[in-house]
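Q: Need a 3D model of the sequence below.
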Amino acid sequence: MRTRRIGDVQVGAIGLGAMPMSIEGRPDESRSIATVHAALDAGVTLIDTADAYHIGADDVGHNESLVAKALASYGGDTSGVLVATKGGHVRPGDGSWTLDGSPEHLRQACEASLKRLGVEAIGLYQFHRPDPTVPYAESVGAIRDLLDEGKIRLAGISNANPDQIRQSQEILGGRLVSVQNQFSPAFRSSEPELRLCDELGIAFLPWSPLGGISKAGDLGSAHGAFARIAQARGVSPQRVCLAWMLAKSPVVIPIPGSSRPETIRDSVAADELELTAEEIAELDAT
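A: I've put the predicted structure just below:
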C-alpha cells in the first residue's frame, strides 16, 4: 500500500475505523480481532479508536482495549502501527452521546486511554468534538499540554471547522497533524476543511467515508455514479468511493469502519484503483 503522512509518521493510505466493533450491534470479539488482523495483513498501519466507542457505562474504552488485544495477539510486527484515539466525547450508558471538553476531563481520559492501550505515549490523540460549554482554546490547550508532557506523540482535532483548525494550529505551535471530520458522498460539507488541510499540509481523516454503518452497503444504490463506475471497473462502489477520496488530495487518509475481514480487504484495495479525470469529475458532480 502507498503511504501518506501524519506529522512525521508514515501510514498506509487507508486506515481502519474500529468503532463498529464496539458499539450497538457489535460482533463477537473473535471476529473483531480477525478484522484487525486482516487489516494489518493488508498493510493498514493506522487504526482509529476512541474511549467513547462502547455501549454501557461500565464498558468505557471497550474499543481501545479491543484494539490493544488485537495488536498484542498479532503474529507480525506492529511497531509501525499508529493507533489514533480521542477524548472529549462521553457515552453515559443510556444510548446518548454527550460532551466534556474540560481540561480536567481530557487529562483523565488520556491517562485512562494510556492504560487501556498499554503504551507509554499515545501515538495520535485527538480532541473528539467541540464542547460548547468550554472555550475551545482551553480544550485544545489541554491537548497541547499532553503533547508537551510526552503523554501523546502527535496531536489532532475532530469535527472542527476552518476557524478551529487555524486556532488549534496556533495553540499547538504549528504541531497540529490531523483533522478528523465526517466526509462521504452524502456528506460533503467538510470540503472547506479538506481544502484547508491540503493548504496547511495537515492530514485529513474522513470518518464514515462510506456513509456510516447502516448506509455503507447501500452506497451504490444511493449514489448512481459510484455504482456505474464500479460496474464498469468490476469493483465495489465502496472501493470507488475510497479511491475518489484518495484522489482529492495527498493529505486524505480515509478510515472506513469495518467489523469483517472481507470489508477491510476491499477497502484497502481502493489504494490500487486509479480513477481517470473524467471519472473523478463525474463523481464530484453527483
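
Q: Mind jotting down where the helices sit in the chain?
A: Under the criterion DSSP state H, helices of the chain are mapped to 29-41, 62-72, 103-117, 136-148, 162-171, 191-200, 219-222, 224-233, 237-248, 261-268, 277-285.

Q: deepest of the ones you listed, which one?
A: Most buried of those, by mean neighbour count (mean count of other C-beta atoms under 10 Å): helix 237-248, with a mean of 24. Every residue, glycine included, has its C-beta placed from N, CA and C.

Q: Report all helices and strands that that one contacts.
A: helix 219-222, helix 224-233, helix 261-268, helix 277-285 (3 or more C-beta pairs under 8 Å, 6 or more residues apart in numbering; DSSP states H and E).

Q: Which of the ones you listed has the lowest mean pLDDT?
A: When the helices and strands packed on helix 237-248 are ranked by mean pLDDT, helix 219-222 comes last with a mean of 90.

Q: tell me which strands and helices that helix is in contact with?
A: Checked by 3+ C-beta pairs under 8 Å, 6+ apart, helix 219-222 has helix 224-233, helix 237-248 packed alongside it.

Q: Return the distance of the first one from the chain's centre.
A: The gap between the average C-alpha position of helix 224-233 and the chain average comes to 26 Å, counting by C-alpha atoms, centre = their mean, to the nearest Å.

Q: tell me the contacts of the residue lying closest to Arg166 once chain neighbours are set aside?
A: Nearest residue to Arg166, sequence neighbours excluded (C-beta to C-beta, 6 or more residues apart in numbering): Leu196, at 7.7 Å. Going by C-beta atoms under 8 Å, 6 or more residues apart in numbering, Leu196 touches Pro162, Ile165, Arg166, Ile202.

Q: would you list these in JSON lines and tack on pLDDT and distance to Ala70?
A: Converted to JSON lines, the contacts of Leu196 look like this (pLDDT from 0 to 100; distance: C-beta to C-beta, whole Å):
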{"residue": "Pro162", "pLDDT": "98", "distance to Ala70": "35"}
{"residue": "Ile165", "pLDDT": "98", "distance to Ala70": "31"}
{"residue": "Arg166", "pLDDT": "98", "distance to Ala70": "36"}
{"residue": "Ile202", "pLDDT": "98", "distance to Ala70": "28"}
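
Q: circling back: mind putting the helices of the chain in JSON lines, distance to Val83 included?
A: Output for the helices of the chain, formatted as JSON lines (distance: least, C-beta to C-beta, whole Å):
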{"stretch": "helix 29-41", "distance to Val83": "11"}
{"stretch": "helix 62-72", "distance to Val83": "6"}
{"stretch": "helix 103-117", "distance to Val83": "6"}
{"stretch": "helix 136-148", "distance to Val83": "15"}
{"stretch": "helix 162-171", "distance to Val83": "21"}
{"stretch": "helix 191-200", "distance to Val83": "21"}
{"stretch": "helix 219-222", "distance to Val83": "27"}
{"stretch": "helix 224-233", "distance to Val83": "30"}
{"stretch": "helix 237-248", "distance to Val83": "21"}
{"stretch": "helix 261-268", "distance to Val83": "16"}
{"stretch": "helix 277-285", "distance to Val83": "31"}
